[in-house]
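Colleague: Sharing a model prediction with you, sequence too.
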Amino acid sequence: MRLIIGSRGSKLALWQANWVKAGLERRGHAVRIEIIKTTGDRITDVPLAKVGTKGLFTKEIEEALRAGRVDLAVHSLKDLPTELPAGLMLGAVPPREDPRDALVCGPRAEAAQQVSSLPAGSLVGTSSLRRSAQLLHFRPDLKIEPLRGNLDTRLRKLDDGGMAAIVVACAGLRRMGWEQRITQLLPPEVVCPAAGQGALGIEVRADDAATREALAPLDDRAARLETTAERALLARLGGGCQVPIGGSARLEPDGRLRMTAVVASPDGCRLFRAAGDGSDPVELASRLADQLLRDGAARILEEVYGRSAPLPESP
């Protein structure tokens, strides 16, 4: 079977697309990659939270998929909106890389071993409002510097000496072979990861049974269950990149999912956390989301979006 993969053109995106390509080729398929530039690739000088566009890194690729110019799209799953365009679906979620965020210290903080030991008032770069809010909640003295660009660009800016440290996804560093740059893997109690972080999402046309069948061997049950819970949490809260929301689920050996969820105010002053376990990913996500809303996250969502949040009924 001949297949065309749609992908962004960054080094990390192409690593991901080539990983999927190799997996399909091992199963006898002929595969090529088509690079598609997205809105997020064009807008590099504005913090993500201020752009406010759903599908910032996926829209143009999805358009090519729906038009039949590509047969499948490979995304970082955390970039994929929880509500997919009509006619598209997740065809596979392959085995997941470490979903945690990583602290990477530069020359100005080379003696630091973790966030708690950064010098007072350190300048920390991140492209994520979720990361910055949780960092400020943990260390209110830190100064956050908006940081956009591909992973290699961010590391280069750190090495130039303008910042003490940056926070990026561990998965990207590992996939690019740069794990030696990691100073600390941040536990969810400090910075809860984004929904879907560390996972790839392979998007297909829902009516393309042949491509869905070709992708079936790449789908990983644990990654699918974990990310289903995390994406369900995000969907229930109705959040996007304008609200700091974290969700991290893990499938345990006993078959149950254990999940941590966080909603914070953008300035990090308020943070609500919920944790629990269950066997059904959507039920678990809904339960934790409702707890967060009751505890006070509804007020944060209302302040950011200017509308009432979906408060749950009292139990």
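Modeller: In hand now; what should we look at? Residues are numbered from 1 along each chain as shown.
Colleague: This protein: strands as residue ranges?
Modeller: 2-7, 30-35, 72-76, 88-92, 101-105, 123-126, 143-146, 165-169, 184-185, 200-205, 245-251, 257-264, 271-278 (DSSP state E).
Colleague: Buried residues in stretch 173-181, which are they?
Modeller: By neighbour count with 16 or more other Cβ atoms under 10 Å, stretch 173-181 contains the buried residues 173, 175, 178, 181. All C-beta spots, glycine's among them, are computed from the backbone N, C-alpha and C.
Colleague: for the stretch 151-300 of the chain, what are the low-confidence residue spans?
Modeller: The model of the stretch 151-300 of the chain has pLDDT under 70 over residues 239-241.
Colleague: Assess the claim that Ser265 and Pro244 are in contact.
Modeller: Yes: with contacts counted by Cβ atoms under 8 Å, Ser265 reaches Pro244, the gap being 7.4 Å.
Colleague: anything in contact with each of these two?
Modeller: Common neighbours of Ser265 and Pro244 are listed as Ala133 (criterion: Cβ atoms under 8 Å, 6 or more residues apart in numbering).
Colleague: Looking at those two, which one has more neighbours?
Modeller: Legend: neighbour count by other Cβ atoms under 10 Å for Ser265 and Pro244, higher for Pro244 (29 against 20).
Colleague: What score does the nearest residue to the more buried one once chain neighbours are set aside have for pLDDT?
Modeller: With sequence-adjacent residues excluded and distances taken as Cβ to Cβ, 6 or more residues apart in numbering, Pro244 is closest to Ala133, at 3.7 Å. We have a pLDDT of 97 for Ala133.
Colleague: quick one: Ala133 and Cys105, what's the gap?
Modeller: 21 Å (Cβ to Cβ, to the nearest Å).
Colleague: and if you look at Val190?
Modeller: Distance, Val190 to Cys105, using Cβ to Cβ: 15 Å.
Colleague: just to revisit the earlier point, kindly reformat the strands of the chain as a markdown table and extend each row with mean neighbour count and distance to Arg221.
Modeller: Below are those laid out as a markdown table (neighbours: other Cβ atoms under 10 Å; distance: least, Cβ to Cβ, whole Å):
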| stretch | mean neighbour count | distance to Arg221 |
| --- | --- | --- |
| strand 2-7 | 19 | 23 |
| strand 30-35 | 15 | 24 |
| strand 72-76 | 26 | 20 |
| strand 88-92 | 20 | 11 |
| strand 101-105 | 25 | 25 |
| strand 123-126 | 24 | 32 |
| strand 143-146 | 16 | 37 |
| strand 165-169 | 24 | 22 |
| strand 184-185 | 18 | 24 |
| strand 200-205 | 24 | 15 |
| strand 245-251 | 25 | 8 |
| strand 257-264 | 25 | 12 |
| strand 271-278 | 18 | 16 |
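Colleague: re the thing from before, nearest to Ala109, of the buried residues of stretch 173-181?
Modeller: Nearest to Ala109 out of the buried residues of stretch 173-181 is Arg181 (Cβ to Cβ; 13.1 Å).
Colleague: quick one: contacts for that closest one?
Modeller: Arg181 neighbours (Cβ under 8 Å, 6+ apart): 102, 104, 155, 173.
Colleague: any idea how far Thr126 is from the first one?
Modeller: Read that as Ala102. Note on Ala102: its distance to Thr126, by Cβ to Cβ, is 11 Å.
Colleague: The second one too?
Modeller: If you measure Val104 against Thr126 using Cβ to Cβ, the figure is 11 Å.
Colleague: Check the last one too.
Modeller: For Leu173, the distance to Thr126 under the criterion Cβ to Cβ works out to 14 Å.
Colleague: Between the two ends of stretch 61-72, how far is it?
Modeller: 9 Å (Cα to Cα, to the nearest Å).
Colleague: What residues sit buried inside that stretch?
Modeller: By neighbour count on 16+ other Cβ under 10 Å, the buried set for stretch 61-72 is 61-65, 70-72.
Colleague: Please apply the same query to stretch 110-119.
Modeller: For stretch 110-119, by 16+ other Cβ under 10 Å, it's 112, 115, 118.
Colleague: Distance from that stretch to the middle of the chain?
Modeller: Relative to its chain's centre, stretch 110-119 lies at 25 Å (Cα atoms, centre = their mean, to the nearest Å).
Colleague: what pLDDT, on average, does it get?
Modeller: Rounded mean pLDDT across stretch 110-119 is 93.
Colleague: Same check on stretch 63-71?
Modeller: The pLDDT scores in stretch 63-71 average 97.
Colleague: Helices of the stretch 151-300 of the chain, residue ranges please.
Modeller: Ranges of helices in the stretch 151-300 of the chain, per DSSP state H, counting those that start in this stretch, are 151-159, 170-175, 209-215, 221-237, 281-292, 298-305.
Colleague: Put together TSV for these, with distance to Leu186 on each row.
Modeller: Compiled in TSV, these are given as follows (distance: least, Cβ to Cβ, whole Å):
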stretch	distance to Leu186
helix 151-159	16
helix 170-175	8
helix 209-215	32
helix 221-237	17
helix 281-292	20
helix 298-305	22
